[in-house]
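A.B. asks: Generate a structure from the sequence data that follows.
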Amino acid sequence: GSPRLITNPRVRVPHGVSGGVTLRGELGAILGAALIAGSSALLLTASRALGGAWSRLGTQPWELAGAVFALGWLGEILDSLLGATLQVKYMCPKCGVLCDQEVHACGARAVRVGGFKWIRNEIVNLIVEVVVAALAVLTSQYL
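C.D. replies: Okay, the predicted model is just below:
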């Protein structure tokens with residue numbers, strides 16, 4: 001379906017606009033996080049069976065998988081939330097379309113309508129990566 005703003009699901013946004021989510025996208029994020037989580041559990045199990053470096057970890061494979069899944073999905077949600085709330089948004093005066101660039105695809109110069117001008121997608125990605133990495137380090141202390 002049409003993407004909806006994660007902070008207000010009643011608001012539809014064009015495909016590609018930061019903060020827009022779809023059911024298919026959310027399911028894809030969940031499946032992606034589950035695939036990586038399952039792979040980490042399998043690698044931990046294999047490492048233990050082969051006496052590898054991970055064999056010294058006291059963590060159970062299901063605990064590792066749960067943490068990896070939760071942090072992966074949290075990263076996706078945080079990316080959408082920051083994209084919707086902090087990332088700069090522009091409106092094309094010619095087309096009336098919300099976009100993430102100063103110049104819309106039609107060539108018209110867009111007008112800033114929200115977010116911080118200096119927070120673009122790359123800054124949102126950096127913030128999410130730092131936050132999730134820090135949470136992973138904290139989580140590892142309890143596994």
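
A.B. asks: could you list every residue that touches Q87?
C.D. replies: Contacts for Q87 (Cβ atoms under 8 Å, 6 or more residues apart in numbering) come out as S18, G19, D100, G115, F116, I119, R120, N121, I123, V124. Every residue, glycine included, has its C-beta placed from N, CA and C.

A.B. asks: Go again with 7 Å.
C.D. replies: Residues near Q87 by Cβ atoms under 7 Å, 6 or more residues apart in numbering: S18, G115, I119, R120, N121, V124.

A.B. asks: Which helix runs longest in this structure?
C.D. replies: Criterion DSSP state H: the longest helix present in the chain is helix 23-50.

A.B. asks: what angle sits between the next helix or strand after that one and helix 23-50?
C.D. replies: Downstream of helix 23-50, the next assigned helix or strand under DSSP states H and E is helix 61-85. On the basis of axes from the mean of the first three to the mean of the last three Cα atoms, to 10 degrees, helix 61-85 is oriented at 150 degrees to helix 23-50.

A.B. asks: Which neighbouring elements make contact with helix 61-85?
C.D. replies: helix 23-50, helix 121-140 (3 or more Cβ pairs under 7 Å, 6 or more residues apart in numbering; DSSP states H and E).

A.B. asks: Run the chain-centre distance for the first one.
C.D. replies: From the chain centre to the centre of helix 23-50 is a distance of 16 Å (Cα atoms, centre = their mean, to the nearest Å).

A.B. asks: now swap in the last one and tell me
C.D. replies: Relative to its chain's centre, helix 121-140 lies at 10 Å (Cα atoms, centre = their mean).

A.B. asks: which parts of that helix are buried?
C.D. replies: V124, V128, V131, V132, L135, T139 (16 or more other Cβ atoms under 10 Å).

A.B. asks: show me what contacts T139?
C.D. replies: By Cβ under 7 Å, 6+ apart, the contact set of T139 is A67, L71.
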